[in-house]
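J.: Structure of the sequence below:
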Amino acid sequence: MRKIDILLVEDNSADVLLTEEAFEEARIANQLHVVRDGVEALEFLRREKGFADVPTPDLILLDVNMPRMNGLELLALLKADPALRRIPTIMLTTSRAEGDIWRSYDLHVNAYIPKPLGVGEFFEVVRTLETFWLATVALPPHLAPRT
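T.: Here you go, the predicted structure:
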């Protein structure tokens with residue numbers, strides 16, 4: 001099985017570290033790429049600025065609340081872009097606001113997962129996410145050549 005490239009769009013350093021630790025325990029080979037906001041995520045996905053040689057991610061994990069461009073704004077741009085809309089995108093966020101959930105699904109998010117409060121619960125969410133999205137689901141072929 002080939003390595004799965006995951007783009008984590010998260011501005012909270014503690015959540016980034018926790019996600020990295022959870023994926024380190026993963027059984028499926030993965031490469032976690034981290035950007036801190038929606039603006040940087042677009043640069044990554046469009047291979048602009050310092051991201052010229054990055055791979056197209058197989059999966060995007062996206063937080064709602066971020067500076068410069070929040071997750072909902074980024075999601076709207078991703079799903080409107082024919083070159084990016086097919087990349088499975090999951091909201092993985094602390095927001096449990098009903099409006100954020102509805103807006104995410106209106107914008108065609110593939111799943112909305114509220115982050116659990118406990119570390120053990122968070123690791124379980126990542127294991128479940130990994131089992132379903134990386135082992136069970138057939139992901140679409142890349143839209144750009146692999147590097």
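J.: which residues touch G71?
T.: The contact partners of G71, taken as Cβ atoms under 8 Å, 6 or more residues apart in numbering, are 9, 38, 62-65, 91, 93, 104. Quick note: C-beta positions are derived from backbone N, CA and C, even for glycine.
J.: hmm, try it at 6 Å
T.: When the contact criterion is Cβ atoms under 6 Å, 6 or more residues apart in numbering, the partners of G71 are 62-64.
J.: now do D5
T.: Contacts here follow Cβ under 6 Å, 6+ apart; on that basis D5 touches 31, 55, 57-58.
J.: and these, which are buried?
T.: Neighbour counting by 16 or more other Cβ atoms under 10 Å classes 55, 57-58 among the contacts of D5 as buried.
J.: Mind putting the residues you listed into JSON lines with secondary structure and distance to D81?
T.: Rendered in JSON lines, the data for these read as follows (DSSP: H, G, I helix; E, B strand; the rest coil; distance: Cβ to Cβ, whole Å):
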{"residue": "P55", "secondary structure": "coil", "distance to D81": "17"}
{"residue": "P57", "secondary structure": "coil", "distance to D81": "14"}
{"residue": "D58", "secondary structure": "coil", "distance to D81": "17"}
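J.: Lowest-confidence one in the residues you listed?
T.: Lowest pLDDT of the buried ones among the contacts of D5: D58, 89.
J.: Is it in contact with N30, as I believe?
T.: No. Contact criterion Cβ atoms under 6 Å: D58 and N30 do not qualify, at 8.6 Å.
J.: still on that earlier bit, include distance to F51 when you put the contacts of G71 into CSV, please.
T.: Output for the contacts of G71, formatted as CSV (distance: Cβ to Cβ, whole Å):
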residue, distance to F51
L62, 17
D63, 19
V64, 23
